[in-house]
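>>> here is a sequence together with a model predicted from it:
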Amino acid sequence: MNNSFQLLALLQYVTSNGWVCPKPRAWDRLWELLPRRSVRGAPVPFILGDWHFTDAKEKQQVLREQIEYAAREGVPDAVDVYLRGLGPEEWSDGDRL
């Protein structure tokens, strides 16, 4: 993902099919791909206890921020390949969070 077009294409992909974000296990694996994972670094996914208390819009926003963060931090290709490689069962949609 070397340009804005690729970034936009991935952002569109992750919201296709009514998807909101990866399910917790898959989202945690995405988190592991990001450099400088800390409160001040990469946006933290809503997993564990936060999962049930966070609405779809907030989850989708954090996923978007993580993708944009990956692009800024030089790991966009790894994130792109990872997210596109997830099966439909690894995504949460608005009805089955």
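On my side now, so go ahead. Everything numeric in this text was worked out from a predicted model, so none of it was measured.

>>> which sections of the chain are below the confidence cut-off?
1-3, 38-40, 47-49, 94-97 (pLDDT under 70).

>>> quick one, strands of it?
Here the chain has its strands, by DSSP state E, at 19-22, 91-93.

>>> which one of those is the most hemmed in?
Among the strands of the chain, ranked by average contacts under mean count of other CB atoms under 10 Å, first place goes to strand 19-22 (a mean of 23). In this view, the C-beta of every residue, glycine as well, is placed from N, C-alpha and C.

>>> what pairs with that one, parallel or antiparallel?
Here strand 19-22 has these sheet partners by DSSP bridges: strand 91-93 (antiparallel).

>>> quick one: Glu90 from Tyr82, how far?
10 Å (CB to CB, to the nearest Å).

>>> contacts only, for Arg64.
By CB atoms under 8 Å, 6 or more residues apart in numbering, Arg64 lies in contact with Leu11, Val14.

>>> list the buried ones in the top helix by length along the chain?
Secondary structure of the chain per DSSP state H: the longest helix is helix 56-73. By neighbour count with 16 or more other CB atoms under 10 Å, helix 56-73 contains the buried residues Ala56, Lys59, Gln60, Val62, Leu63, Arg64, Gln66, Ile67, Tyr69, Ala70, Ala71.

>>> now, which of the residues you listed sits nearest Val14?
Nearest to Val14 among those is Leu63, at 6.2 Å by CB to CB.

>>> for the closest one, which non-adjacent residue is spatially closest?
Cys21 (4.5 Å; CB to CB, 6 or more residues apart in numbering).

>>> wait, that neighbour touches Glu65, no?
No. With contact defined as CB atoms under 8 Å, Cys21 does not reach Glu65; the gap is 11.2 Å.

>>> mind checking how far Val79 is from Leu34?
Applying CB to CB to Val79 and Leu34 gives a distance of 8 Å.

>>> okay, and the common contacts of the two?
Gln66, Ala70.

>>> what's the neighbour count on the residue lying closest to Arg25 once chain neighbours are set aside?
With sequence-adjacent residues excluded and distances taken as CB to CB, 6+ apart, Arg25 is closest to Glu90, at 7.7 Å. Neighbourhood size, Glu90 [other CB atoms under 10 Å]: 16.

>>> okay then, goodbye and thanks.
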